[in-house]
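*Asks:* Here is my input, please return the structure:
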Amino acid sequence: MTTETSKAAVGSYLKKHTEALVKDVGIEAACQLTGRSKATLGRYYSDAEEHAERFMPVDAVAALEAASRFPHVTTALAELQGITLSYDQQRKNSEKSGGVNADVVALSQRFAMLMAEYNQSIEDGIISINEAKRLLRETVALQEVLLDMKLHLEDESV
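*Replies:* Model prediction:
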């Protein structure tokens with residue numbers, strides 16, 4: 001793959017995630033949050049050749065991701081660098097309690113939810129983008145339970 005082809009693939013990937021971010025927030029809300037017009041926002045994720053070098057500024061991404069359900073662009077940037085992010089979509093106000101036993105229960109519940117989501121997604125033999133996003137959210141939730149379990153086990157081993 002040439003550098004130009006690679007650059008175009010990265011650009012296309014970022015534009016898809018930019019579009020997902022804008023649609024997650026809603027076009028009207030995105031305009032208000034960023035102070036940009038619908039046309040300008042559309043150019044940020046347009047795959048037309050004249051907009052190939054146009055990307056959403058970081059301040060606009062930050063404003064939209066604060067209002068979105070998922071950090072679409074930040075996650076895409078991390079993936080391009082081989083970085084794994086941990087995203088806590090629940091944003092809890094209090095610490096979890098219950099220890100390892102509660103973690104085992106939560107782990108089995110989360111795994112069951114992941115398998116149910118996978119079963120539903122693969123039913124037609126194709127995993128769509130939306131289905132993949134739901135699977136990713138369930139996988140991240142499972143990862144969070146495993147991390148909690150790891151921390152509880154470390155606390156008990158000290």
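*Asks:* Buried ones in the helix or strand that contains E79, by neighbour count?
*Replies:* Using DSSP states H and E, the element containing E79 is helix 72-80. Of the residues in helix 72-80, 72-77 count as buried by neighbour count, 16 or more other CB atoms under 10 Å. In short, each C-beta sits where N, CA and C put it, glycine included.
*Asks:* Just the CA atoms of that helix, as CSV, please.
*Replies:* What follows is helix 72-80, C-alpha atoms only, in CSV (Å, rounded to 0.1, in the frame of the first residue of the first chain):
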residue,chain,number,x,y,z
HIS,A,72,-16.3,8.0,18.2
VAL,A,73,-13.4,10.1,16.8
THR,A,74,-11.2,9.7,19.9
THR,A,75,-11.6,5.9,19.7
ALA,A,76,-10.8,5.9,15.9
LEU,A,77,-7.7,7.9,16.5
ALA,A,78,-6.6,5.5,19.3
GLU,A,79,-7.3,2.5,17.1
LEU,A,80,-5.2,3.9,14.3
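*Asks:* Would you mind identifying the next helix or strand past that helix?
*Replies:* Next helix or strand after helix 72-80 toward the C-terminus (DSSP H and E): helix 99-122.
*Asks:* got the contact list for the helix holding E79?
*Replies:* Residues outside helix 72-80 that contact it (CB atoms under 8 Å, 6 or more residues apart in numbering) are 10, 13-14, 16-18, 20-21, 24, 56, 61, 65, 84-85, 87.
*Asks:* So which other helices or strands are in contact with the lengthiest helix in the chain?
*Replies:* Counting by DSSP state H, the longest helix found in the chain is helix 129-157. In this structure, helix 129-157 packs against helix 99-122, with contacts taken as 3 or more CB pairs under 8 Å, 6 or more residues apart in numbering; DSSP states H and E.
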